[in-house]
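J.: take a look and give me a structure for this.
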Amino acid sequence: MLDPKSPLQAAAIFLGGIGRSRRTRQKAVPALALSKGEAYRLLGADQGCSRAELRAAYMIRIRQLHPDVNPLRDTTEEATALNEAYALLQEGFLTGEEEVPSVFDVPEAEPSELFINPFACNTSPLLWRELQEVVKGADDPVSELAAQGVYIRDSAVYYLTPCQLAAVTADLEAMEDSMAVELTSWLVSDCLMRAARANDRMPAQRRS
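T.: This next block holds a predicted model:
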């Protein structure tokens, strides 16, 4: 149980009253009838974008069509058209084109930013901001959270690079808008595991 006097508990009570956000609707284009222009429009990508930019646009749109975000409507047809659009535009890239590496696979700096995985705690992942505030500057983040009634394992504690932290934060902010908690849990956990492996290959900076 969370400490009833803690800021995390107050935030949890507030979040309990938040409903699902409004959802945008977009008419699906039959997959087999897609032109390249329609494919770019469906993905929300600019013509002439890089392969990395195309993938980023695809990931944003496919998340918006996930069943978690759309519990009251069937988005299967739209997702099928989106997948077809992505596959069509992927064919336009040369097979030898070099991929832009992700910061979760090739860190850009030392991993010095403390981050708590909000999906590995006994509280709502929507309290991810409050979790980070509680442990800011803490020598022992696990004990600091325990004092607030939040229990985690050591494996929930990560040190990220600035760019890795910014990317994870962006996913969590998108989760707040779409309420796609299950999908974001998978995405964030995957990014954190990749970051941990990549960061361990560096002379990582750790706080004592």
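
J.: any idea which residue sits dead centre in this protein?
T.: Asp171 (3.0 Å; CA atoms, centre = their mean).

J.: distance check, that residue against Arg73.
T.: Distance, Asp171 to Arg73, by CB to CB, to the nearest Å: 23 Å. Where you see a C-beta, it was placed from the backbone N, CA and C, and this is true even at glycine.

J.: and if you look at Tyr58?
T.: Distance, Tyr58 to Arg73, by CB to CB: 21 Å.

J.: so for the two, which sits in the more crowded spot?
T.: Set side by side, Tyr58 and Arg73 show unequal neighbour counts under other CB atoms under 10 Å, the larger going to Tyr58 at 21 against 12.

J.: wait, that one touches Leu88, no?
T.: No - look at Tyr58 against Leu88 with CB atoms under 8 Å: they stay out of range, at 11.4 Å.

J.: quick check: which element contains the residue nearest to the centre of the chain?
T.: With elements delineated by DSSP states H and E, Asp171 resides in helix 162-178, which encompasses its position.

J.: show me what the next helix or strand after that helix packs onto, helices and strands only.
T.: Going down the chain from helix 162-178, the next helix or strand is helix 181-200, by DSSP H and E. Of the remaining helices and strands, those touching helix 181-200 by 3 or more CB pairs under 8 Å, 6 or more residues apart in numbering; DSSP states H and E are strand 157-160, helix 162-178.

J.: winner for burial among the ones you listed?
T.: The highest average neighbour count among the helices and strands packed on helix 181-200, using mean count of other CB atoms under 10 Å, belongs to strand 157-160 at a mean of 20.

J.: distance from the chain centre to that one, please.
T.: The chain centroid and the centroid of strand 157-160 are separated by 15 Å under CA atoms, centre = their mean, to the nearest Å.

J.: tell me the SS of Asp139?
T.: Per DSSP: H, G, I helix; E, B strand; the rest coil, the local secondary structure of Asp139 is coil.

J.: list phi and psi for it.
T.: Asp139 adopts backbone torsions of phi -70, psi -30, taken as degrees, to the nearest 10.

J.: cool, and the one 10 residues further on?
T.: The phi and psi torsions at Gly149 (degrees, to the nearest 10) take the values phi 90, psi 10.

J.: which pLDDT value goes with it?
T.: With respect to pLDDT, Gly149 has a value of 92.
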